[in-house]
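1. pasting the structure only:
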């Protein structure tokens, strides 16, 4: 809206900037995407349940790791942000 004074260009700009959910997932910035069917506002209870389940899964996985492993993995992830993938 700031650049074009409307929101009709938003999808194209988001794709170009790499800030769509699929871009963020691909780049390792986020761990997952909770789907909306088709819009969370149309199914708030079901969406909230999916969000809760996703958070519970992530917390369960994190709790299973040792503190040092979790910390090392987090630092490695932050150090990779913004760098190109290497084979």
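-> Now that the structure is in, tell me what you want to look at. Remember, predicted model here, so these are calculated numbers, not experimental data.

2. following the top helix by length along the chain, which helix or strand comes up?
-> Counting residues, the longest helix found in the chain (DSSP state H) is helix 44-64. On the C-terminal side of helix 44-64, the closest following helix or strand by DSSP states H and E is helix 67-80.

3. which other helices and strands contact that following helix?
-> Using 3 or more Cβ pairs under 8 Å, 6 or more residues apart in numbering; DSSP states H and E as the contact criterion, no helix or strand is in contact with helix 67-80. For glycine as for every other residue, the C-beta is placed from the backbone atoms N, C-alpha and C.

4. follow-up on the earlier one: and the longest helix of the chain, how far out from the chain middle?
-> Distance of helix 44-64 from its chain centroid, counting by Cα atoms, centre = their mean, to the nearest Å, is 13 Å.

5. Give me the residue ranges of the protein where confidence is low.
-> Scanning the chain for pLDDT under 70 picks out the ranges 85-87.

6. center of the chain - which residue?
-> Compute the mean C-alpha point of the chain, and by Cα atoms, centre = their mean the closest residue is residue 30, 3.3 Å away.
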